[in-house]
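> need a structure here:
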Amino acid sequence: MDNNLNFIKDYLERHLDNPPENLTPESKLDEIGIDSMALLELIFELEDKYDIRQSADIPTPTTVGQLLELMEKYKPSEVNE
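Numbers count the residues shown, from 1 in each chain. Model (predicted):
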């Protein structure tokens, strides 16, 4: 899961003017600058990274922890840590 947290941190550093210094599973996505469009872009990057396609009916995460859970759930088992 640490790789996925680093993936999110890297995304924030590339896309936000002021990325948060401390990112925890409890961090709320909207409070760290991830709006609905940024979340879609992040999910698209995740799909590209793992060469997967997620269904349109996945629950919308509101925290970093929920996003990490989705990443763990949907990535291929051969890359699970």
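
> ok, for Tyr50, nearest residue in space, not its chain neighbours?
Distance criterion CB to CB, 6 or more residues apart in numbering; nearest residue to Tyr50, sequence neighbours excluded, is Lys75 at 4.5 Å. Placement of C-beta: from N, CA and C, glycine included.

> Does the one you found touch Ile52 like I think?
Yes: counting by CB atoms under 8 Å, Ile52 is a contact partner of Lys75 at 6.7 Å.

> All the strands of the protein, in order from the start?
Ranges of strands within the chain: none, based on DSSP state E.

> and stretch 7-24, how far apart are its ends?
13 Å (CA to CA, to the nearest Å).

> Could you tell me which ranges of the chain sit under the pLDDT cut-off?
Scanning the chain for pLDDT under 70 picks out 1, 77-81.

> Now do the residue nearest to Tyr50: how many residues are near it, please.
For Lys75, the number of neighbouring residues by other CB atoms under 10 Å comes to 20.

> show me the residues around it that make contact.
If you count contacts by CB atoms under 8 Å, 6 or more residues apart in numbering, Lys75 has them with 46, 50, 52.

> and the second one, how far is that from Thr24?
Tyr50 sits 23 Å away from Thr24, taking CB to CB, to the nearest Å as the criterion.

> With the last one instead?
The gap separating Ile52 from Thr24 is 26 Å, by CB to CB.

> returning to what we had before: what is in contact with Lys75 and Ile52 at once?
Common neighbours of Lys75 and Ile52, using CB under 8 Å, 6+ apart, are Leu46.

> thinking again about what came up before, out of the contacts of Lys75, who's nearest Met37?
Leu46 (15.0 Å; CB to CB).

> tally of neighbours for the closest residue to the closest one other than its chain neighbours?
Sequence neighbours aside, Met71 is the residue nearest to Leu46 in space, at 6.0 Å (criterion: CB to CB, 6+ apart). Met71 has 22 neighbours, counted by other CB under 10 Å.
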